[in-house]
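Participant: any chance you can model this:
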Amino acid sequence: MTEHQIKPKLVNSMTEHAAQRKPEKTVKSLTKLLDKVRSQVLCTHRPVLPLILPLLSARSSQAVRKLLPTADPYLQPGGMIVLQQPVGAHERIVSIEIHAPYSD
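Facilitator: Numbering: from 1, shown residues only. Next up is the predicted model:
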């Protein structure tokens, strides 16, 4: 078992409800997160993906851009997208993993 001393920070504008009310604020918040070019995790919901995927695409290498989902539903329930943006990459996302939930 591993324990980390990481405290999550809630970014209210990234919630599903806030994104529906003020989508421009959601995009602005993600822009600020990506501009930090540091290790971070963003957890949001599928209804927010149409707002954030274009920004992620614009910040991605061409190879990553081709792999980002483009049609709704963007992910299965419980699925996730992992993007890597290394320090010094000039705000470029350089790799992608898309994980589907396990089901048997």
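Participant: pretty sure residue 81 is in a strand, no?
Facilitator: Yes - read with DSSP: H, G, I helix; E, B strand; the rest coil, residue 81 is one of the residues of a strand.
Participant: hmm, it is touching residue 100, no?
Facilitator: No - Residue 81 is beyond contact range of residue 100, at 10.8 Å (criterion: C-beta atoms under 8 Å). Quick note: C-beta positions are derived from backbone N, CA and C, even for glycine.
Participant: now do the shared contacts for these two.
Facilitator: residue 75 (C-beta atoms under 8 Å, 6 or more residues apart in numbering).
Participant: of the two, who's got more company?
Facilitator: residue 81 (18 against 11; other C-beta atoms under 10 Å).
Participant: can you name the residues bridging to the more buried one?
Facilitator: On the basis of DSSP bridges, residue 81 is bridged to residue 98.
Participant: could you measure from it over to residue 26?
Facilitator: 16 Å (C-beta to C-beta, to the nearest Å).
Participant: contacting residues around residue 95?
Facilitator: 64, 83, 84.
Participant: pretty sure residue 84 sits against residue 60.
Facilitator: No - the pair residue 84 / residue 60 is not scored as a contact, 10.3 Å apart, by C-beta under 8 Å.
Participant: who has more neighbours, these two?
Facilitator: When residue 84 and residue 60 are compared for neighbours, residue 60 comes out ahead with 21 against 13, by other C-beta under 10 Å.
Participant: and the spatially closest residue to that one that is not a sequence neighbour, how many neighbours?
Facilitator: Once flanking residues are discounted, residue 60 sits nearest to residue 93: 4.2 Å by C-beta to C-beta, 6 or more residues apart in numbering. A count of nearby residues for residue 93, using other C-beta under 10 Å, gives 20.
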